[in-house]
Structure formats: C-alpha cells, structure tokens
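[1] Below is the sequence, then the predicted model.
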Amino acid sequence: MRKKIVAGNWKMNMEYTAGVSLFSEVINMVRDEVRGDQEVVVCPPSIFLHSLGVLAAQQQNVNIGGQNCHQKESGAYTGEISAAMIKSVAAEYVILGHSERRQYFGETNELLAEKTNVSLKAGLKPIFCIGETLEERNSGAHFDIISAQLAEGVFHLDAESFANVVLAYEPVWAIGTGVTASPEQAQEIHAFIRKQIEERYGDAVAANTTILYGGSCNPKNAPELFAQADIDGGLIGGASLKSRDFTDIVKVFNS
Ligand code: 13P
C-alpha cells in the first residue's frame, strides 16, 4: 500500500545554525511517532543538505530532499546544482515543479519532464508539484491544467520509473495565503489525479501512488485533510519552520 508522507519545504528560509537546530528538534520529536508505512521528509536549502543528511541517517523514516535541481546531469552551468549532487549528500527526494519555480523561474512542464528524468536517473524520488492558479480555478480550467501538468511532466515515464514519483497537489491560491482548499475541494482533485494515473498506468500503480496536499496546511486543518481517501499526507511550507507545528502535523497520522 502507498506510503504516507509529511514533507517540509523550508523554501528560502532559515540560516545554517537555526536550520540544524530545527531539524534536530524535528528528529527528536518524531522519533516514536513514525510507523513503517510513514515517512517524514525535510527539504531545506541545498547548502544545508549535507549536514542534515548526517543527522537524518540516524533516524529511520526521516529523510531529506532538495527543493530543485538542474535539468542537465552536469556541466558548465555556474551556480546550479545537479540531481546527482543532491543524491550524493544522502538525500532521497527532490521537489520539482513547485509553483514558485513555475511562476518566478519560468519552469515549464517540458523542462520539468527533463528534471524528472535526471532526478530518477540519479536515484532521487521527485516530489512533483501540480496545481492551478485562482484564475484558472475561477474559469473552470483547473482539471485541464492538472491533466496537462501530469501528461507533460511525468506521464512520459514508464510504470517502473513512475513508481518512484510522489505527487503534490498544491493549489497556487492556497500557498502561503492562509486560505486552505476545503477537504472536499482537495479530495475532488486528488481523486481526479488518481483517476488520471489509473488511466495511464492501471489500478495497481494508481493505488500505490502517494499524493500529498500542500497549501496553508497546519496542525488544525491537517486532520480533516488527511482523513480524505485520496490524500496521503502533506507538503508543508510555513508550518514546517516551527518544530512543534510540523511534528504536530506528522502526528496526525496516528491520532
Ligand atoms: P504554505 O504551507 O506556506 O502555504 O506553503 C505550501 C507550499 O508551497 C509547500 O511546498
């Protein structure tokens, strides 16, 4: 059966010492909370990955991930970080296609398909983000947008490779706004995503794919969201910067 995951996306927040403290606190606080089918993932700024990887190695079911990688395997791309580099510091995951990267860095589905390929080749599991803007939702285009993000970003993969992909539905209008999708709104889209996976790869793959919800998720709204049939955890922004809030969200699985 599919894994339940709570992943923290620190974005461009925290400095080194505070980041190491936060991660150490998280590890201590979830030590007895994470069961075999559950996983906690923290995605810090990439320059903290190595230090956090050393700490993560001490705790089963706590892993780290990058927030982005370059689409090429290596080469003359000053300032960029490759998937293999992220993997080499003990990371298991990489977030791809976050709406902030799509919006501020012009990342397209086509580019993200390349990033997905290099990540999987390096042995990283992509946490592939999809989601519509408020304008797209208001015009009724959200299902088409999500279909296209899936079709162009990840559905070129064969079933074996796709099994290593985690999806994250993050409606852009809910990110950092304090406005969460209602559990019904989120479940509707998650069920739609699972259906698309079923049509592309079949029942078994669809049933095994972890689909996270992201967008103003916090300890208060997580219980209702995670209780939905097709929501397998969360991708947490703001609330992942506070150890108590983040670990309270992790504990929702067992409450
Ligand atoms: P917030 O939880 O701050 O809304 O951010 C969600 C997000 O973008 C996680 O990737």
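    Yes, it's here. Residues are numbered from 1 along each chain as shown.

[2] Please count neighbours and contacts with C-alpha atoms only from this point.
    OK.

[3] got the contact list for S74?
    By Cα atoms under 8 Å, 6 or more residues apart in numbering, the residues touching S74 are S82.

[4] Which element, helix or strand, includes it?
    Element membership of S74, judged by DSSP states H and E, is empty: it is in no helix or strand.

[5] The closest residue to the ligand within the stretch 1-150 of the chain: neighbour count?
    The nearest approach of the stretch 1-150 of the chain to the ligand comes at N9, 5.1 Å away (Cα to the nearest ligand atom). By the criterion of other Cα atoms under 10 Å, N9 has 24 neighbours.

[6] List phi and psi for it.
    Phi and psi for N9, reported as degrees, to the nearest 10, are phi -110, psi 100.

[7] ok, now M12?
    Dihedral angles (degrees, to the nearest 10) for M12: phi -100, psi 60.

[8] In space, what's closest to it - neighbours in sequence excluded?
    Distances taken as Cα to Cα, 6 or more residues apart in numbering place P45 nearest to M12, at 6.3 Å, with adjacent residues excluded.

[9] Would you mind listing what in this protein touches the ligand?
    Residues of the chain lying close to the ligand by Cα under 6 Å from any ligand atom are 9, 174-176, 214-217, 235-238.

[10] ranking the residues you listed by neighbours, who comes first?
    G214 (30 neighbours).

[11] Please name the bridge partners of that one.
    L235 (DSSP bridges).

[12] Enumerate every residue touching it.
    Here G214 is in contact with 168-171, 174-175, 234-237 (Cα under 8 Å, 6+ apart).

[13] again, 7 Å this time
    Residues counted as contacts of G214 (Cα atoms under 7 Å, 6 or more residues apart in numbering) are 168-170, 234-236.
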